[in-house]
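> Compute the structure for the input listed below.
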Amino acid sequence: MKDMVFDESIILLDLEADSKEAVLTAMANNLEEKGLIKASYLEAVIEREKEFATGLPTGGVSVAIPHTDVEHVIQKTISVAVLENPVEFGMMGDPDEKVNVQLVFMLAMDKSDSQLSLLQGLMQVFRDEETLKYLVSETDKKKIVDVLKNKLDFTF
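Model (predicted):
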């Protein structure tokens, strides 16, 4: 099994986007250029977001965790985007409700059980308002990678 890819090249800072589709497109294009996801991933993640919204109104900074099925993934990774300005995502569990998201974690997992482990780890991070505020204000991608590697168990 290939290892998790998580480095500065998949962290997007000050991403300018005016819609969630623009955010998802920028993130997926970056992952596809790096050979981590298949060309089918983008359309699949946009479709899934319509049906199963992933915005979470977390303390301090709202987040979204778009992801899609394992068959669109070449190598497991998690991309992080800090948005220049918040963008509306549907709220998890209630897509008609909107959340102004500033921090997006795009998950590309090659096995559904590893996706579950990662989601559980992320939920811990999302409960920590200080960490979320740090992530959106930090300008050094390496520091963002280090903080998340420290907080998330990437051994799955």
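
> By mean pLDDT, which helix or strand of this protein comes out lowest?
Least confident element among the helices and strands of the chain, by mean pLDDT, DSSP states H and E: helix 112-126 (a mean of 86).

> ok, then the element right after it?
helix 129-137 (DSSP states H and E).

> thought T77 was touching F105?
No: contact criterion C-beta atoms under 8 Å: T77 and F105 do not qualify, at 10.8 Å. Where C-beta positions appear, they are placed from N, C-alpha and C, glycine not excepted.

> where are the low-confidence patches of this structure?
1-2, 154-156 (pLDDT under 70).

> Can you list the buried residues in stretch 85-104?
With burial defined by 16 or more other C-beta atoms under 10 Å, the residues of stretch 85-104 counted as buried are 87, 89-92, 95, 98-99, 101-104.

> next one: stretch 5-24
Quick answer for stretch 5-24 (16+ other C-beta under 10 Å): 5-6, 9-13, 15, 17, 20, 23-24.

> residue boundaries of the strands in the protein?
All strands of the chain, identified by DSSP state E, fall at 11-15, 55-56, 63-64, 77-91, 94-108.

> Identify whichever of those lies nearest to L135.
Comparing these by their distance to L135 (C-beta to C-beta), the top pick is strand 94-108, with 6.0 Å.

> Run a quick neighbour tally on A44.
If you count neighbours by other C-beta atoms under 10 Å, A44 ends up with 18.

> Once you drop chain neighbours, what's closest to it?
Of all residues not flanking A44 in the chain, T68 sits nearest, at 4.2 Å (C-beta to C-beta, 6 or more residues apart in numbering).

> Next, the contact list for the one you found, please.
If you count contacts by C-beta atoms under 8 Å, 6 or more residues apart in numbering, T68 has them with 41, 44-45, 47-48.

> Could you check how far it is from I46?
Taking C-beta to C-beta, to the nearest Å as the measure, T68 falls 9 Å from I46.

> R127 now?
With C-beta to C-beta as the criterion, R127 and I46 are 28 Å apart.
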